[in-house]
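1. build me a structure from this.
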Amino acid sequence: MEIPKFDETFLPILEVLKDGKVLKSRELIEEVKKRFYSGLTENQLKQETKSGDLLIDNRIAWGKSYLKKGGYITFPQRGFVQITDKGKGHSATITVRDLENESSIFDFYKQEKNSIPNDSKNKVEISSPQDLIDEGFNRIEKEVKSELLQKLKSIDPYFFEKVVLRLLKKMGYGEFIETSKSNDGGIDGIINEDKLGLDKIYIQAKRFNEGKVREKDIRNFIGAMSGDTNKGVFVTTSEFDEKALEKARSAHHKIICIDGQKLVTLMHEFNVGIQVRTTYEIKQIDEDFFYEQ
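-> Now for the predicted structure:
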């Protein structure tokens, strides 16, 4: 079962409200999920939008908002929902286009139609505004990560080691010590997890343009770790082959393997090597403001 698009929640919402009772918005969302989307997995139910809302709840909320604009439901008081006579007599199917034809509120769709490519019109019509925001956000994030990985593959290997150590420090793993570049035994840095240096993490950073990290590389890394630690992080711009991952999993040491994709994801999350270019504010109606009277 897939998470429903916001327009696919129209009929379930009206079905829950068809007896005419007034429900709290939260009760409506929970009842719609219980009766119509109980087949969703736990992971699906936990998926979030970029703003941090539960995705399924957000889709139902947008469905509720559009039905309100189309006159199918009403908000009798703050935080409550009720079906209208129009909603009770709804047709067997309701689409965004149906609501568009019934309400001038959707004129913004009509104004934009001529500028939207034909193959994108259907996608726009079945996507809530939040979906469109998230899609654009994801596209930009994907492009930034791709560019970031290419940049990492082209920088000086020694600077790449510094980048990795700075990232781990930004993630809260403590101060780092860069090892000597001659005869470092495969260790590029050491992180002291505590101020006294009682707990150490050894770091290996390998900047590869091609090829994968092999079992031999993991074995050499383990061999280079002294007896005062059993924790290591092996970072690469490339990937780990299966034997390398198996070697890391079966080692007596705790070895964390971070490949190129994971690396840029962490750099993106902790703002290492990137900067925030633009911030947008998404505003919504303050319902409390209109119920102070």
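2. show me the helices in the stretch 1-150 of the chain, by range?
-> Using DSSP state H, counting those that start in this stretch, the helices of the stretch 1-150 of the chain run over residues 10-17, 25-36, 42-46, 55-69, 85-88, 96-102, 107-113, 118-125, 129-154.
3. make TSV from those helices and add mean pLDDT and mean neighbour count to it.
-> Where C-beta positions appear, they are placed from N, C-alpha and C, glycine not excepted. Below are these laid out as TSV (pLDDT from 0 to 100; neighbours: other C-beta atoms under 10 Å):
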stretch	mean pLDDT	mean neighbour count
helix 10-17	94	21
helix 25-36	94	17
helix 42-46	93	11
helix 55-69	90	21
helix 85-88	92	14
helix 96-102	71	16
helix 107-113	42	11
helix 118-125	50	11
helix 129-154	87	14
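4. mind putting those helices into CSV with distance to Asp241?
-> Shown next, in CSV, are the helices of the stretch 1-150 of the chain (distance: least, C-beta to C-beta, whole Å):
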stretch, distance to Asp241
helix 10-17, 47
helix 25-36, 42
helix 42-46, 28
helix 55-69, 35
helix 85-88, 58
helix 96-102, 48
helix 107-113, 49
helix 118-125, 38
helix 129-154, 18
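5. of those helices, which is nearest Asn209?
-> Nearest to Asn209 among the helices of the stretch 1-150 of the chain is helix 129-154; the distance by C-beta to C-beta comes to 5.1 Å.
6. run the chain-centre distance for that closest one.
-> 11 Å (C-alpha atoms, centre = their mean, to the nearest Å).
7. helix or strand right after it?
-> Per DSSP states H and E, the first helix or strand lying C-terminal to helix 129-154 is helix 157-170.
8. distance of the residue nearest the centre of the chain relative to Arg139?
-> Note on the chain: the residue nearest the mean C-alpha position is Lys50, at 6.0 Å, using C-alpha atoms, centre = their mean. Plainly put, Lys50 is 12 Å away from Arg139 if you go by C-beta to C-beta, to the nearest Å.
9. kindly report the same for Pro76.
-> Pro76 is 40 Å from Arg139, by C-beta to C-beta.
10. try Asp217
-> Taking C-beta to C-beta, one finds Asp217 at 34 Å from Arg139.
11. next one: Thr93
-> Distance of Thr93 to Arg139, computed by C-beta to C-beta: 31 Å.
12. equivalent analysis for Lys206, please.
-> Following C-beta to C-beta, the distance that separates Lys206 from Arg139 is 30 Å.
13. with only the CA atoms kept, save stretch 265-274 in PDB.
-> Only the C-alpha atoms of stretch 265-274 are listed here, as PDB (Å, rounded to 0.1, in the frame of the first residue of the first chain):
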ATOM      1  CA  THR A 265      24.700  13.400   3.300                       C
ATOM      2  CA  LEU A 266      26.400  14.000   6.700                       C
ATOM      3  CA  MET A 267      28.200  17.100   5.300                       C
ATOM      4  CA  HIS A 268      24.900  18.400   4.000                       C
ATOM      5  CA  GLU A 269      23.200  17.800   7.300                       C
ATOM      6  CA  PHE A 270      26.000  19.400   9.400                       C
ATOM      7  CA  ASN A 271      26.800  22.300   6.900                       C
ATOM      8  CA  VAL A 272      30.400  21.300   6.300                       C
ATOM      9  CA  GLY A 273      31.600  22.600   2.900                       C
ATOM     10  CA  ILE A 274      28.300  24.100   2.100                       C
END
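14. now do that stretch, average pLDDT.
-> Across stretch 265-274, the average pLDDT comes to 93.
15. which other residues reach that stretch?
-> With contact meaning C-beta atoms under 8 Å, 6 or more residues apart in numbering, stretch 265-274 is reached by Glu141, Val144, Lys145, Leu148, Lys151, Leu152, Val163, Arg166, Leu167, Lys170, Met171, Ile258.
16. contacts only, for the third one.
-> Okay, so that is Lys145. When contacts are counted by C-beta under 8 Å, 6+ apart, Lys145 is found next to Gln261, Val264, Thr265, His268.
17. check the last one too.
-> The neighbours of Ile258, taking C-beta under 8 Å, 6+ apart as the test, are Val233, Phe234, Val235, Thr236, Leu266.
18. on that earlier part again, and the furthest pair within the contacts of stretch 265-274?
-> Glu141 and Arg166 (20.7 Å).
19. format the contacts of Ile258 as CSV; extra columns: neighbour count.
-> Below are the contacts of Ile258 laid out as CSV (neighbours: other C-beta atoms under 10 Å):
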residue, neighbour count
Val233, 21
Phe234, 24
Val235, 26
Thr236, 25
Leu266, 17
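20. max pairwise distance over these: which two?
-> The farthest-apart pair in the contacts of Ile258, when distances are taken by C-beta to C-beta, is Phe234 and Leu266, at 14.0 Å.
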